[in-house]
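In: dropping a prediction and its sequence here:
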Amino acid sequence: MSLKKGSKAPDFVLPSTSDEKFRLSENLPCIIYFYPKDFTPGCTEEACSFRDGFEELRNLEIPVFGISKDSIPTHKKFKQKHQLPFDLLSDSDGSTCKKYKALVPVIGIPKRITYLIDQEMQIKAVYNDMFGARKHLDQMIKELKRNN
């Protein structure tokens, strides 16, 4: 179960592929998406869909950030290989995934959950679908257009 629409998004600080510390509260509004692992088919498809929709998100003035438990060096390789125009964040100990209810029980890998977070750190939309990788972008754009 993910966090609910309308609830307060927990703040966090994570290392990013820009070599800067990313703090959620300093990057609002935004989309954050949790995903299981770099270089896997579904995660590659999801990242590339956000890449392909990046211009539309920029026009809607919403940055996007991907989060998994992979290391920054692995994230950098993944980002470069797929020409991702956004930062990936490393939650190596899974603490942020846990705050966002984005960990699969027992095996501890991140779930595929996307959150739209507004300027006041309120969750405006949630999309949770482990197998519909491309649907995450579509759902966020639909929600953004509904609110504009």
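Out: That came through, no problem.
In: in contact with T17, which residues?
Out: Going by CB atoms under 8 Å, 6 or more residues apart in numbering, T17 touches I72, H75, K76, K79, D87, L88, L89. Every C-beta, even on glycine, is put in place using the N, C-alpha and C of the backbone.
In: nearest to T44, of those residues?
Out: Set against T44, the nearest of these by CB to CB is K79 (11.5 Å).
In: pull the number of nearby residues for that closest one.
Out: K79: 21 surrounding residues under other CB atoms under 10 Å.
In: list the contacts of L116.
Out: P29, I31, I62, I123, K124, A125, V126, M140, E143, L144.
In: dump the C-alpha coordinates for the helix or strand hosting the fourth one into CSV.
Out: So the one you mean is I123. Element membership for I123 (DSSP states H and E) is strand 123-128. Only the C-alpha atoms of strand 123-128 are listed here, as CSV (Å, rounded to 0.1, in the frame of the first residue of the first chain):
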residue,chain,number,x,y,z
ILE,A,123,0.8,14.3,-2.3
LYS,A,124,-1.4,15.3,-5.2
ALA,A,125,-1.4,12.0,-7.1
VAL,A,126,-0.1,8.4,-6.6
TYR,A,127,0.2,5.7,-9.2
ASN,A,128,1.2,2.2,-8.0
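In: other SSEs contacting the helix or strand following that strand?
Out: Using DSSP H and E, the next helix or strand after strand 123-128 towards the C-terminus is helix 135-147. Packing partners of helix 135-147 (3 or more CB pairs under 8 Å, 6 or more residues apart in numbering; DSSP states H and E): helix 41-52, helix 54-59, strand 113-117, strand 123-128.
In: swap in 6 Å and give it another go.
Out: Packing partners of helix 135-147 (3 or more CB pairs under 6 Å, 6 or more residues apart in numbering; DSSP states H and E): helix 41-52, strand 113-117, strand 123-128.
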